[in-house]
Structures are given as structure tokens and as C-alpha cells.
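Colleague: build the 3D model from these lines:
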Amino acid sequence: MQAVVFTVADYLLARLKQLDVTEVFQIPGDYVKHFTQALERFPGIATIGAANELDAAYAADAYGRTRGLGAVSLQYGVSTFSALNAIAGAYVERSPVIVISASPGADARNITDMYGVTFHHSTGDLHADQNVFENVTVAARTLSTNVGAAEAIDDLIVEALTHSRPVYIACYKEVWGQPCSRPPRTPLKARELKGPPDALQNAVEQAWSMIAAAKKPVILAGEEVLRFGLCGLLQQIIDASGFVYTTTSLGKTVLDEGGPKFLGTYSDEAAIPSVIDAVLDADCVLCLGTLITDDYLIFIEKQYANMVLATAQGARAGYFKYPDVVMKEFMQALLAKFKGSKAYPGKAVAPPQPAYPEPWKSNSDPKFDAQPEVITFNRFFQHSMNFLAEAGHLDEIVMPLGVSSSMYVATNAYGMRQGSFIASAAWQCVGFETGAASGAQLGSRKRAWAVAGDGGVMMVCQAISTLAKYKLNGVIFVMSNQVYAIEQVYVDMSAFQTGQFDTFDILPHWNYLALAQAYGAEGFRLETVSDLKAALPQIWKVKDRPVLVEVVIPATDLAGQMKRLGSE
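Modeller: Take a look at the predicted model:
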């Protein structure tokens, strides 16, 4: 019997398995066939064949956020370019994803050079894929030979881990199937970044002068703390300083939510009033791992001079910038300062969270106050989050959200567990949550509890069939109002009073029960609050298949959170 050859593809898979990547999302193709064939037979890694490229790449992104590293295998050109949007989101929001592909091989390239033949899926420029992905990855390479392939693969994985961002690796078609040495048994790990000691000292001293003078300091934590494994260090800083803290929308659930120091999530004007007041009235805001987007323009305009900011891009204390400072070192130095000062920890305590049914009741559109059975955005979250909390299910779910009215309303939720809120809050991609559901569930080993709008589901509804194919009981709630509500908010909010929506924001009506049946999902249609309350326990009992839930809400429902955001 012929001995099985250990190949370049096997080497990459072995390295992924060492890092607890036990699933790889895939769209097959002829160029990448040697990798996909190796994946099919590789022990310990399951192939997740997605319905389309966005489905596969969103899933890999969510997997990377929950597991620490994700991987997606794509055909050259037609697949990679289709997945580009999702990988760009992973780049912006710092999700480590290995993008795997293969290009026309050496023979095809010779034919192209000699005869000017344009090969299928190619633009004619065989470097185009790598050139494009260089813009949304921290490293991109195309390997033309197995010589040095192991070292190149290691370098790329290390870059992904070090920067918590995607990398792109392609091979000439034949290279994935060529022989390769086996990897060492020691798993790869991120490089330990070090900055100039003098710059760190200057940054910490400037920051400390601001912190020590503050009477109402607040910590604003972001997603990079979670991505880079610094949650424990953040908790130590909170404990040593005694400061209250909040998170951005993207950084929500960087720690378990709760306790006397947690204010709630700061989502600009969508946040609850006590959180807004605490952040905007603070005389020093210690921003750790925080990506500041245009969702926070009010905050920036008011608090720029009072910010102490440390991210993967460097540090800033007020108007003084320190681009070479490493976030982890900065946090460690601040922790030492707090521990060495007799003035800390402080006694600050966060205001109590609004008592149920708040914050939902006061944010529900008042035009429906006389119709308590009408489901609104806020009533949906009021009852669904209460169900999860009372039944003890918050430990068992992960909640993916694309950009939508639901995402901003959901930021008001309290009591969620670390890493359980996954949102496209910076890249702001409609449909992320539906595609991300499989990756979120497989990566976290918890149940995906996704909330989408009609538009989001319509963009990547095929992802429901991926959940069904692999017997995943993820739940997709569709807030069915047949309009792009979030788009309309920023175009003309008067539509929510008149009912006259812009034509481009009106969506078609879908039969979601029929769609659920077609894709092999359990289907529910909920028209009243009573329907919702009765269905939630039934939904939870569904096993081994996804659940698609149409939540019927009025097109004119304008959540209070969105009304405030749209009025800025």
C-alpha cells in the first residue's frame, strides 16, 4: 500500500488543530481542491460546507471571535471576492481569521504568459486576489512552491494571533498537495510585543496625572481587551482603581455583566440615561482597547481632552499621543500605579440598573401604549431577555447581531456573560448575524440566539440551511416590519409617524414559515406579546435543527433608542 504523503495542506490543518480550530468553513473549487480534499480526511477538524461565501466568512469571523482563531477555505477569485466584505469586517473589528485559497498553478501561468489565455475566475491579473486582500489583512502571501511553505504558514498564523486580524494565504493550485514536513508539537502563539520603555514611561506619567486629578473617573472598555486576552488584566484595574466601568457596543460583554462597578453599555444616545450621564460627566475616561467609531462623535467632542486611550494602535493621554506604546504594557503599568497608591481603590458604585420592565418599557414606541399586545422592538427584548434570565439560559447563549435597530436596542441588555454579544457594530454590516450564527455556535459551544431584521435575513438567508445541514439549533429571530428601519431613521424619521417610507427602504413580504420548511428549520410566527411569551419556552426546547422565528412588528415602530440616535 502506498504511504500517505503529509502535505502543505496537512501542515496548515495541523497548526490550526493545535490552536483548537476544530471546524473550517468552506466553499469548494477546482483550484483549491487539494486543500479541500485534505480537509475532508483530516482527523479532528470538521468541514463546514457553507451555502455561500458570505455565510462562510461571517461564520469564520464569529468563530474567530469566540474561539480565538477562525478559518475559511475559498475558491480563487469568484469566492474570495464574494467573501471580501466579511473579511473586511473581521479586519476592522479585530477577528483573527485565516483566509485560505489557491490560484491557477505554474502550468496555467506559463500558458497565460505564452498565449494570453485568461483562466476562469481570474481577472487576467493572477496577483489580483492577493493585492486586494492586502488591504483587509495584516499579511497576505501566495506560495508558488512547497519549499519554505511551513515557515510561511507559521509566520502568517502568528501575525493573525499577534494582531487579532485576518491573514490571507494562497498557494499555486498544486502546492497544497505537495509534500511538507510535520509541524513541531508546540502550538504557535502571538508575538510578545514590546514598546520603547521611555515612551511607555512618558505615556503612563501623563495619563497618571490626569487620573490622579479626576474626581469622577470612568473606564470605557472595548473589544480589543477581549480579543487580546486582557480581560483578567482589565478586571484587576477595575478592582485596584475602584472605578466604575462601561463598554462600547462592540466591546459589550468584555466581562461578565453585573456587579457594583458595571454601569451598563455605552452606545451613545441609545444607552440608558444613567450610563450617558456617567460617561459625559466624567472628568477622566480611561478607554482601554476601545475602537472609537462615528457612533461616538458626541463623546469625542465633549471628552477628547479628558480621554486616556490605550489600543493596539498606541496610547493617548489628553492631547499627547504615544503611537509606539503597547496596550498590554500600558495597562500593566497603570495597574502597578493603582496598587502602589494609597488613594485607591476608590469607593464609586454604579447606579442600580433600571428595574424590570425597564429600560424596555420607557423606550417602547409610545404610540402603541394603548395596544399592549403589539410587539415592538423593546417589548421583544423585554420579554425575551427576561425569559433567558429567569430560566438561567444567559450562560448558554451567544447573541450575534448585524447592524439594525435591534442591535442598538440590545445594547441595553444587562446580565450577559463574557463574550456572548457579537455585533457588527463598527463595520456595520446588514446580515452579519444570520451568517455568523453557525460560527458563533460552533466556536463558543453555546446556542446562537441571533436577532435580525428582514433585510439582514434576506441578504444571507441561505445560512439557515447551513445550520440545518449540521443540526445546529441556532435561533434566528426576524424582526419583521418589511422596511429598513435603521436606514429610514437616518433618512427621514417622520416616516414613522406618517407611514410613508422611502421606496428604497420598503422590503418585500416573505413567507418565513415556508422558508423555514424549505431550509429544514423549525418555524414560528409571532404576532402578539402573548404569542411571544408562549413561544419562547417552546423555542428553547428545539434540538438538532435551527429555529426561524418571524416576530411581526409594525413598520412604524420607532424604538426610543433609535429616535434619540436619529435626532443627534
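Colleague: tally of neighbours for residue 178?
Modeller: Residue 178 has 18 neighbours, counted by other C-beta atoms under 10 Å. For every residue, glycine as well, the C-beta is placed using N, CA and C.
Colleague: helices along the stretch 101-250 of the chain, start to end?
Modeller: 106-115, 128-133, 149-163, 197-213, 223-227, 231-241 (DSSP state H, counting those that start in this stretch).
Colleague: now the angle from the fourth one to helix 231-241?
Modeller: What that stands for is helix 197-213. Per axes from the mean of the first three to the mean of the last three C-alpha atoms, to 10 degrees, the angle that helix 197-213 makes with helix 231-241 is 40 degrees.
Colleague: where does the protein have its least confident helix or strand?
Modeller: Scoring the helices and strands of the chain by mean pLDDT, DSSP states H and E places helix 106-115 at the bottom, with a mean of 77.
Colleague: what sits up against that one?
Modeller: 104, 117-119, 126, 144, 172-174 (C-beta atoms under 8 Å, 6 or more residues apart in numbering).
Colleague: emit the ChimeraX select command for whichever of these are buried.
Modeller: A single ChimeraX command selects the buried members of the contacts of helix 106-115 (16 or more other C-beta atoms under 10 Å):
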select :104,119,126,144,172,173,174
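Colleague: restricted to strands, list the contacts of helix 106-115.
Modeller: Judged by DSSP state E, strands contain the following of the contacts of helix 106-115: residue 172.
Colleague: is residue 330 in a helix, a strand, or coil?
Modeller: At residue 330 the chain is in helix, as set by DSSP: H, G, I helix; E, B strand; the rest coil.
Colleague: tell me the contacts of it?
Modeller: 200, 203-204, 207, 310, 315.
Colleague: top of those residues by neighbour count?
Modeller: residue 310 (30 neighbours).
Colleague: mind giving me the packing neighbours of the helix or strand harbouring it?
Modeller: In this assignment (DSSP states H and E), residue 310 forms part of strand 307-311. The contact analysis (3 or more C-beta pairs under 8 Å, 6 or more residues apart in numbering; DSSP states H and E) places strand 307-311 against helix 197-213, strand 284-288, strand 314-317, helix 327-340.
Colleague: report all helices and strands that the longest one contacts.
Modeller: In this case it means helix 197-213. strand 284-288, strand 307-311, strand 314-317, strand 320-322, helix 327-340.
Colleague: what is the burial count for the residue lying closest to residue 501 once chain neighbours are set aside?
Modeller: Leaving aside its sequence neighbours, residue 501 sits nearest to residue 495 (C-beta to C-beta, 6 or more residues apart in numbering; 4.7 Å). Using other C-beta under 10 Å, residue 495 has 19 other residues around it.
Colleague: I'd say residue 495 and residue 484 touch.
Modeller: No - Residue 495 lies out of contact with residue 484 (C-beta atoms under 8 Å); the separation is 10.8 Å.
Colleague: any residues in contact with both of the two?
Modeller: Common neighbours of residue 495 and residue 484 (criterion: C-beta under 8 Å, 6+ apart): residue 505.
Colleague: tell me which of the helices of the stretch 101-250 of the chain lies nearest to residue 59.
Modeller: helix 149-163 (16.7 Å; C-beta to C-beta).
Colleague: list the buried residues in that closest one.
Modeller: 149-150, 152-163.
Colleague: can you name every helix or strand that it contacts?
Modeller: helix 8-18, strand 97-103, strand 140-143, strand 167-172.
Colleague: relative to residue 563, which of the contacts of residue 330 is nearest.
Modeller: Distances from residue 563 to the contacts of residue 330, taken by C-beta to C-beta, are shortest for residue 310, at 33.8 Å.
Colleague: state the pLDDT value of that closest one.
Modeller: With respect to pLDDT, residue 310 scores 98.
Colleague: ok so, going back, determine which stretch of the helices of the stretch 101-250 of the chain is the most buried.
Modeller: helix 223-227 (a mean of 25; mean count of other C-beta atoms under 10 Å).
Colleague: what residues does that helix touch?
Modeller: Contacts of helix 223-227 (C-beta under 8 Å, 6+ apart): 65, 93-96, 164, 230-231, 233-234, 248, 250-251, 253-254, 288-291, 311-312, 327, 418-419.
Colleague: OK, contacts around the spatially closest residue to residue 293 that is not a sequence neighbour?
Modeller: For residue 293, ignoring the flanking residues on the chain, the nearest one in space by C-beta to C-beta, 6+ apart is residue 426 at 5.0 Å. Counting by C-beta under 8 Å, 6+ apart, residue 426 touches 92-93, 250, 291, 293.
Colleague: ditto for residue 15
Modeller: 153-154, 157, 183, 187-188.
Colleague: mind listing what's buried in stretch 503-516?
Modeller: 505, 507, 510, 512, 515-516.
Colleague: before we move on, the earlier item: reformat the buried residues of helix 149-163 as CSV; add distance to residue 334 and pLDDT.
Modeller: CSV is the format used below for these (distance: C-beta to C-beta, whole Å; pLDDT from 0 to 100):
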residue, distance to residue 334, pLDDT
149, 42, 97
150, 40, 98
152, 38, 98
153, 37, 98
154, 33, 98
155, 32, 98
156, 33, 98
157, 31, 98
158, 27, 98
159, 27, 98
160, 28, 98
161, 24, 98
162, 22, 98
163, 22, 98
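Colleague: circling back: nearest to residue 404, of the helices and strands packed on strand 307-311?
Modeller: strand 284-288 (25.6 Å).
Colleague: what is the helix or strand where residue 84 lies packed up against?
Modeller: Assigned by DSSP H and E, residue 84 falls within helix 78-92. For helix 78-92, the packing partners by 3+ C-beta pairs under 8 Å, 6+ apart come out as helix 53-67, strand 97-103, helix 128-133, helix 432-444.
Colleague: just give me how far the first one sits from the chain centre.
Modeller: In this case it means helix 53-67. The chain centroid and the centroid of helix 53-67 are separated by 9 Å under C-alpha atoms, centre = their mean, to the nearest Å.
Colleague: who are the packing partners of it?
Modeller: Contact analysis of helix 53-67 by 3+ C-beta pairs under 8 Å, 6+ apart lists strand 23-26, strand 70-73, helix 78-92, strand 97-103, strand 421-423, helix 432-444, helix 454-460, helix 463-469 as its packing neighbours.
Colleague: pick the most buried one from the ones you listed.
Modeller: Of the helices and strands packed on helix 53-67, the one with the most neighbours on average (mean count of other C-beta under 10 Å) is helix 432-444, at a mean of 31.
Colleague: so for that helix, what's the average pLDDT?
Modeller: For helix 432-444, the per-residue pLDDT averages 98.
Colleague: quick check: angle from that helix to helix 78-92?
Modeller: Using the same axes, to 10 degrees: helix 432-444 against helix 78-92 is 80 degrees.
Colleague: picking up where we left off before, can you lay out the helices and strands packed on helix 149-163 as JSON lines showing mean pLDDT and distance to residue 372?
Modeller: Formatted as JSON lines, the helices and strands packed on helix 149-163 follow (pLDDT from 0 to 100; distance: least, C-beta to C-beta, whole Å):
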{"stretch": "helix 8-18", "mean pLDDT": "98", "distance to residue 372": "51"}
{"stretch": "strand 97-103", "mean pLDDT": "96", "distance to residue 372": "45"}
{"stretch": "strand 140-143", "mean pLDDT": "97", "distance to residue 372": "55"}
{"stretch": "strand 167-172", "mean pLDDT": "96", "distance to residue 372": "52"}
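Colleague: if anything else comes up later, I'll come back, but that's it for now.
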